[in-house]
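*Asks:* Please work out how this folds:
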Amino acid sequence: MKRVAVLYGGISAEREVSLASGGQCIAALREAGFAVTPIEVGADLGVVLAALAEARPDAVFNTLHGRYGEDGCIQGVLDWLGLPYTGSGLRASALAMDKVAAKAMFAAAGLPLAAHRLVTPEELEAEDPLPLPYVVKPPNEGSSVGVTIIRGGDNRRAQIARDWSHGPRIMTEAYIPGRELTVAVLGDRALAVTEIATHLAFYDYEAKYAEGGSRHAIPAPVHPVVAAQAMEVAVAAHRALGCRGVSRADFRYDDTAGEPGRLVLLEVNTQPGMTRTSLVPEQAAHCGIPFPQLCAWMVEQARHGA
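*Replies:* Numbering: from 1, shown residues only. Below you'll find the predicted structure:
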């Protein structure tokens, strides 16, 4: 029986999401027949290293989200230890988490992006960096942490800049009207296209994780040409970053002038949510892959190094 250590929790703003993902993956891996050692990750890395040494796992199932969990940090630690782990390696993880670097890789691959500009809080306080409306977001966070839409007549720009607490840089990006789409990639295979609808202002942290915050339509009711394009771009983005295992590409689809409209790649998530009702497991189930089988596949794909 293969021994698997599951890392969950962490110290990022997404700790609660990771705890939920980890708890469900622990149960699914046990259901799939693995000997599982749960390791709740906190601020003391030494404790984590000791737990891994005691567990002596054949593979590590990483369900950490956000900083230190999906930005290459824990990946580098596991590489150092020579432990195979699920998901992308250090380089791809770091690239995907850094929105500036990721967009550069996507642009080089010819993928469809929104206009964007990196600014300081002082520059944002002084003037609008892009035509209204535009999106303000941290360049190194996930789960829509710190994301705000600045629209015409909005007087919050200067205050947002003065209160900025997500580092010295701010990613600003043209707001794309329309619909939210997402595509999961397993290896080199795009699974499906999901449309995400919410009654909130946009698909923010609350929409993603609060009860009733969003509704998922799978397959997405979009033009077939757009669905095919979304799946093709998701795989191309996965490859452009050098991802492995599971990733999820998020899109905006502007169909306000009719279909087929304009598809824009927002980002790639190398550590997507892994509860049974999260987007990737939902798409896997749609394709006939039960949650325990999905988790088992991820373990079989686990490795270390770039």
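*Asks:* Report the beta-bridge partner residues of the most centrally placed residue in the chain.
*Replies:* Centroid check for the chain by Cα atoms, centre = their mean gives residue 269 as the closest residue, at 2.4 Å. In this entry, residue 269 is beta-bridged to residue 248, by DSSP bridges.
*Asks:* start at 279 instead
*Replies:* From this message on, residue numbering opens at 279, which makes the last subject residue 547.
*Asks:* Now do it, the pLDDT please.
*Replies:* Per-residue pLDDT puts residue 547 at 96.
*Asks:* now do residue 433
*Replies:* Here, the pLDDT recorded for residue 433 equals 88.
*Asks:* can you pull out the helices in the stretch 329-478 of the chain?
*Replies:* Assigned by DSSP state H, counting those that start in this stretch, the helices in the stretch 329-478 of the chain fall at 351-359, 368-375, 377-386, 399-404, 435-440.
*Asks:* if I read this right, the residue nearest to the centre of the chain contacts residue 525, doesn't it?
*Replies:* Yes - assessed by Cβ atoms under 8 Å, residue 547 is found in contact with residue 525 at 6.5 Å. C-betas here are computed from N, CA, C, even on glycine.
*Asks:* List the residues that are in contact with both of these two.
*Replies:* Both residue 547 and residue 525 are contacted by residue 374, under the criterion Cβ atoms under 8 Å, 6 or more residues apart in numbering.
*Asks:* quick one: contacts for residue 417?
*Replies:* Here residue 417 is in contact with 376-378, 396, 445, 447-449 (Cβ under 8 Å, 6+ apart).
*Asks:* circling back to that earlier point, now the helices of the stretch 329-478 of the chain in CSV, with distance to residue 327 and mean neighbour count?
*Replies:* Below are the helices of the stretch 329-478 of the chain laid out as CSV (distance: least, Cβ to Cβ, whole Å; neighbours: other Cβ atoms under 10 Å):
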stretch, distance to residue 327, mean neighbour count
helix 351-359, 8, 19
helix 368-375, 17, 23
helix 377-386, 28, 17
helix 399-404, 36, 16
helix 435-440, 39, 15
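*Asks:* and the residue nearest to residue 466 when sequence neighbours are not counted, what is it in contact with?
*Replies:* With sequence-adjacent residues excluded and distances taken as Cβ to Cβ, 6 or more residues apart in numbering, residue 466 is closest to residue 513, at 6.2 Å. Contacts for residue 513 (Cβ under 8 Å, 6+ apart) come out as 463, 466-468.
*Asks:* And residue 573, by the same measure?
*Replies:* By Cβ under 8 Å, 6+ apart, the residues touching residue 573 are 303, 306-307, 310, 339, 552.
*Asks:* swap the cut-off to 6 Å and go again
*Replies:* Contacts for residue 573 (Cβ atoms under 6 Å, 6 or more residues apart in numbering) come out as 303, 306-307.
*Asks:* Backbone dihedrals for residue 311, both of them.
*Replies:* phi 100, psi 10 (degrees, to the nearest 10).
*Asks:* mind checking how far it is from residue 424?
*Replies:* Per Cβ to Cβ, to the nearest Å, residue 311 is found 40 Å from residue 424.
*Asks:* out of those two, which sits in the busier spot?
*Replies:* The residue with more neighbours, out of residue 311 and residue 424, is residue 424; 21 against 11, by other Cβ atoms under 10 Å.
*Asks:* List the backbone torsions phi and psi for that one.
*Replies:* Taking degrees, to the nearest 10 as the convention, residue 424 sits at phi 80, psi 10.
*Asks:* list the contacts for it?
*Replies:* By Cβ under 6 Å, 6+ apart, the neighbours of residue 424 are 416, 444.
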